[in-house]
Structures are given as structure tokens and as C-alpha cells.
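Undergrad: My questions concern the predicted model and sequence given below.
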Amino acid sequence: MGTSRSVGRGLAQTAMVVVCAFGATAGTAHAAPVPSGLTEVLFVGNNWEGTADVVQATGAYSKLGRVNMIPDKQERLGEIYSNPIKLGFFLGVRETAGEGHDQFVDDMYTTPDGTAVVASRPSFADVVSIDLATGKVNWRFPVSGYRSDHMAVSPDGTRVAVSASTSNTVHVLDIETGAQVGSFTTGDKPHENVFTDGGRYLWNMAIGEVNTPFDAPELDGTKGDRKITVVDAQTFRTVKVIDMRDRLDAFGRSDLSDSVRPVAFSPDEGTLYFQVSFFNGFVEYDVATDTITRIKELPKNPATNPNRTTWVNDSRHHGMSINPDGSRLCIAGTMDDYVTTVDTATLQETPTVPAGKPYWATVNGDGTQCVISESANDTISAIDFATGQKVATVAVGDHPQRVRLGHVPQGWAGTPGPDPDAGGSLDGLGSSGS
């Protein structure tokens, strides 16, 4: 990790001038008009079930249809069970990150014309494009290694970046064809990806080993090389490496993990908010000065088991989003079973609202609410940014995780195809996802 720190320090002055020189993208997405003939929707990935529920992006969040994200399930299982190494990793994903279940859909984005949804499928170690009219696979990209994870879509919608968590690689793919247009090396276990500056830069947050039992603070060094890697999204060359260990120590919080989990940029991209492993709260980081400016600790649920090894993938809190004007954050208090919104000026939170292991938070279609996935309840809920109150709850599939805005053709009502569980799993190897 010493090399990473020196590289980050050496590039800080030159790279950060470039990183901050362009207009924001993250906070302006909701200003873009919906293309003609399309409807803006929310895709909800039901990870353990292998489906995506599609709901209205605002209002009552009524269900519009469902997509089978694993129409090629039997073919994929045949490949896995015939390869001992693939089978070992497949079962490993099930017993660790999957909490005893297979992970069939993690992240999702639609193509610009709304005809397909592209998704990462951790247990199948791939990215696929599913045709929203036929339900068939348009293309499939096997990632390097044995597990795919979080993705990001470029602001123009033409490329997706996906973390290949066991090979410490991010692949960038053409969203229409699945062809790789570039890749780059990251820290251990690449996780969240974010395009910035109109798509000129791509940030990756490597979280290190989160599936080991070595969770005591004094064993933090066993978690691996955790760092943020910022690359030029055209050349895929590294322009900056940020090791938050140094920044946290300088702020006086050597007790906090430097494993950066979900993040949210302010609309001008000058401030980065992020969650870290084991912490009930978040960190505020000033991009231009390369320093941590504030740390907010949020309430602990007294009913939460204090044994850190029981917290899923080292996450006490996992999921955050920011409203379009940057005035409020929405925070998913995962293991504390609540959601809250936070004023970014004062860092004052609203009263916590009960939620069943909320795993993600996404801004809705008009920017007035955030939508969280309640993975323990198989529901999604809409939270008013201003009041922090829950205003709608909708039942979805088994273990919803990622929620993303997308587009479908007007009048779309789901894709044809069999139940993802048709055929089940091979005898003796346990559950295939539910």
C-alpha cells in the first residue's frame, strides 16, 4: 500500500486540477428529458431470484412488468458444474456474499433506446444484455476471474463499467455490443464505479476482503489493498490513487476502516460523501484539497448485534444517494434496519424510519424522493428527501438490492419467458437462489 500512497500524493496536484475542471453529471441526471417513445422507470434487481421488477419512477411506483435476468440459467449452470474451479468459486459466492443464496443480478442499466437492460450477474461472473421485447440474451461478456459486481454507465449511455471482484479489474464495455473498449487494474476487490466530469474520468472504489472473519479492528491490515483508483475513461490510464487510510488518520479517525463503500458526489462534484466498512455514518471529502472535512456518525440501533462478523459483507451501512440540488443525502442504515435523510449543510439527520435491511438508495425520477431496497422484506420504499418519511412501499422479488433509473418503450409490460427457477439446481448442492 506504500506505493499506492506515493502515487496518489505525486499525482494529486496535477490530476485534481483536471478532475475538477468540468461540469457535474451526477446531480443533473434528472434534468434530462425522457426520449420520445420511452417511459422513465426504476429497475429493481431481485438478486437471489434472478429477476428485475420494473416500476414507475415516481408517484405510486406501480409495477409495470418483470424481466427474467437469467434466461440462460441452465446453460450457465452446466458450464459451472463441469468445471471444478468455477464450481468452487460459485459455491464460495453462495456461502459468503450471497448469505447462502446465489447472486443472480447485481447491477442494471438500460440502453439509450430502451430496448435492452444490461446487468451484472455475480454468481455467473458475467455481464449480459437482455432484450426487453423477447427476453432473450443479446450478448454476454464473461468477466476476468469468478465474480462480477457493481457497474456504472457513462453519462451518454454508451458504455458500462463493471467490477470483476476476484481479478482486481474493471472492464468497460460497449453497451450495445458487449465488446470491451478498455480495462484497468484496481485495488483488492473493486466495488463501486462512478463516471465524473461528463464521462471523462472513471472512479473505482476497492473495498478489500469483506468475507473473512477477521473483522476486529486490530486485524484491519488483513483486509488487503483498499483504495480509490481514478482513470482517464478514454485511455484507462491512472490519473490518481487515493488511499483513505492517510486521510482518515490525518482527521484523527484511525479507528475507521478505509474501505470505501457506496458513494455520492455533490452536484458540482467538488465533494464526495462515502460510507466505510463497519461504520454507522459517512465521511465528507473535499476533492480539490484532497482532505476529509467532516465525519457524521448516525444513530445505532440498540437491537443490532454488536458482533461485527454478523454484519453482511462488513457493511453496517450500505447505500446512499443525494438529491439533485445537493442539499440532502438519503442513507440506508443496513444492519441498523433504518433509513434517514441528512441535511448536507448541517449534517442533521431526520428521525430514523424502520426499514428491513435496506441495501441501496437511488434518487427517483423527479428528484424529490429516494427509493431504498428493503432486502429483508422483499420490498422497495420511497422516502421523502425533505421529511425523511416513508411515503410508499411496493412488494418486489426475493432480496432486492440495486435500484436504478432506466427507460422502457411506452406501453411495455414485461418480457416473455419461463420462471427463473424452472429446472431448479442440481441435487445435493443446495438452493439455487431462493
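TA: That came through fine.
Undergrad: ok, which stretches of the stretch 201-350 of the chain are helices?
TA: 244-251 (DSSP state H, counting those that start in this stretch).
Undergrad: For stretch 37-56, which residues meet the burial criterion?
TA: 38-56 (16 or more other Cβ atoms under 10 Å). To be clear about C-beta, it is placed using only N, CA and C from the backbone, and glycine gets the same treatment.
Undergrad: pull the CA atoms of it into PDB?
TA: The C-alpha coordinates for stretch 37-56 follow below in PDB (Å, rounded to 0.1, in the frame of the first residue of the first chain):
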ATOM      1  CA  GLY A  37     -41.400   7.000 -27.200                       C
ATOM      2  CA  LEU A  38     -39.800   5.900 -23.900                       C
ATOM      3  CA  THR A  39     -41.000   5.800 -20.300                       C
ATOM      4  CA  GLU A  40     -38.700   6.500 -17.400                       C
ATOM      5  CA  VAL A  41     -38.800   3.700 -14.800                       C
ATOM      6  CA  LEU A  42     -37.000   2.100 -11.900                       C
ATOM      7  CA  PHE A  43     -35.400  -1.300 -12.300                       C
ATOM      8  CA  VAL A  44     -35.200  -3.300  -9.100                       C
ATOM      9  CA  GLY A  45     -32.800  -6.200  -9.100                       C
ATOM     10  CA  ASN A  46     -34.000  -9.200  -7.100                       C
ATOM     11  CA  ASN A  47     -30.600 -10.700  -6.500                       C
ATOM     12  CA  TRP A  48     -31.500 -14.100  -5.100                       C
ATOM     13  CA  GLU A  49     -34.300 -14.700  -7.500                       C
ATOM     14  CA  GLY A  50     -32.700 -13.600 -10.800                       C
ATOM     15  CA  THR A  51     -35.400 -11.200 -11.800                       C
ATOM     16  CA  ALA A  52     -35.800  -7.400 -12.200                       C
ATOM     17  CA  ASP A  53     -39.100  -5.800 -11.300                       C
ATOM     18  CA  VAL A  54     -39.800  -2.600 -13.300                       C
ATOM     19  CA  VAL A  55     -41.900   0.100 -11.500                       C
ATOM     20  CA  GLN A  56     -42.900   3.700 -12.100                       C
END
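Undergrad: before we move on, back to that, keep only those of the buried residues of stretch 37-56 that are in strands.
TA: Counting by DSSP state E, those place 38-46, 51-56 in strands.
Undergrad: which one of those residues sits closest to Asp225?
TA: The nearest member of those to Asp225, counting by Cβ to Cβ, is Gly45 at 28.2 Å.
Undergrad: Tell me the bridge partners for the closest one.
TA: Here Gly45 sits in beta bridges with Ala52, going by DSSP bridges.
Undergrad: Can you give me every residue that contacts it?
TA: Going by Cβ atoms under 8 Å, 6 or more residues apart in numbering, Gly45 touches Ala52, Met69, Val105, Asp106, Asp107, Met108, Ala119, Pro400, Gln401, Arg402, Val403, Arg404.
Undergrad: Nearest residue to Lys300 in space, please, no chain neighbours.
TA: Leaving out its chain neighbours, the residue that sits closest to Lys300 by Cβ to Cβ, 6 or more residues apart in numbering is Asn280, at 5.4 Å.
Undergrad: From Asp174, how far off is the spatially most central residue of the chain?
TA: Centroid-nearest residue in the chain: His150, 4.7 Å away (criterion: Cα atoms, centre = their mean). According to Cβ to Cβ, to the nearest Å, His150 stands 19 Å off from Asp174.
Undergrad: between the ones in strands among the buried residues of stretch 37-56, which is closest to Pro267?
TA: Lowest distance from Pro267 to those (Cβ to Cβ) belongs to Glu40, with 19.5 Å.
Undergrad: What distance do you get for the closest one to Gln369?
TA: Glu40 sits at a distance of 14 Å from Gln369 (criterion: Cβ to Cβ).
Undergrad: what residue ranges in this structure score low on pLDDT?
TA: 1-31, 422-434 (pLDDT under 70).
Undergrad: Most widely separated two among the ones in strands among the buried residues of stretch 37-56?
TA: Maximum distance among these (Cβ to Cβ): 23.1 Å, for Leu38 and Asn46.
Undergrad: Enumerate the positions of stretch 314-333 that are buried.
TA: In terms of neighbour count (16+ other Cβ under 10 Å), stretch 314-333 has its buried residues at 314-324, 326-333.
Undergrad: Kindly report the same for stretch 196-210.
TA: Across stretch 196-210, burial judged by 16+ other Cβ under 10 Å covers 196-208, 210.
Undergrad: Among those, which ones are in strands?
TA: Secondary structure defined by DSSP E assigns Thr196, Tyr201, Leu202, Trp203, Asn204, Met205, Ala206 of the buried residues of stretch 196-210 to strands.
Undergrad: Which of the residues you listed sits closest to Phe236?
TA: Phe236 lies nearest to Leu202 out of these, by Cβ to Cβ, at 8.1 Å.
Undergrad: Tell me which residues touch the residue nearest to the closest one when sequence neighbours are not counted, please.
TA: For Leu202, ignoring the flanking residues on the chain, the nearest one in space by Cβ to Cβ, 6+ apart is Ala233 at 4.5 Å. The contact partners of Ala233, by Cβ under 8 Å, 6+ apart, come to Ser154, Arg159, Val172, Phe195, Gly199, Arg200, Tyr201, Leu202.
Undergrad: Please report the distance of Ala233 from Ser167.
TA: 20 Å.
Undergrad: what's the answer for Asp215, then?
TA: Distance, Asp215 to Ser167, using Cβ to Cβ: 24 Å.
Undergrad: repeat for Phe124
TA: 15 Å.
Undergrad: So which of the two has more stuff around it?
TA: Each of Phe124 and Ser167 has its neighbours counted (other Cβ atoms under 10 Å); Phe124 has more, 31 against 18.
Undergrad: Not including adjacent chain positions, what is the nearest residue to the more buried one?
TA: Nearest in space to Phe124, with sequence neighbours left out and distances taken as Cβ to Cβ, 6+ apart, is Arg76 at 4.8 Å.
Undergrad: Report whether the one you found is found in a strand, as I expect.
TA: No: Arg76: not assigned to a strand; according to DSSP: H, G, I helix; E, B strand; the rest coil it is helix.
Undergrad: Near it, how many other residues are there?
TA: That count, for Arg76 with other Cβ under 10 Å as the rule, works out to 21.
Undergrad: Thr352 now?
TA: With other Cβ under 10 Å as criterion, Thr352 counts 17.
Undergrad: my guess is it meets Val342, correct?
TA: No: the pair Thr352 / Val342 is not scored as a contact, 11.0 Å apart, by Cβ atoms under 8 Å.
Undergrad: can you list residues touching both of those two?
TA: Leu298.
Undergrad: one step back: for Asp188, state which of the ones in strands among the buried residues of stretch 196-210 is nearest.
TA: Closest to Asp188 out of those is Ala206 (5.6 Å), distances taken as Cβ to Cβ.
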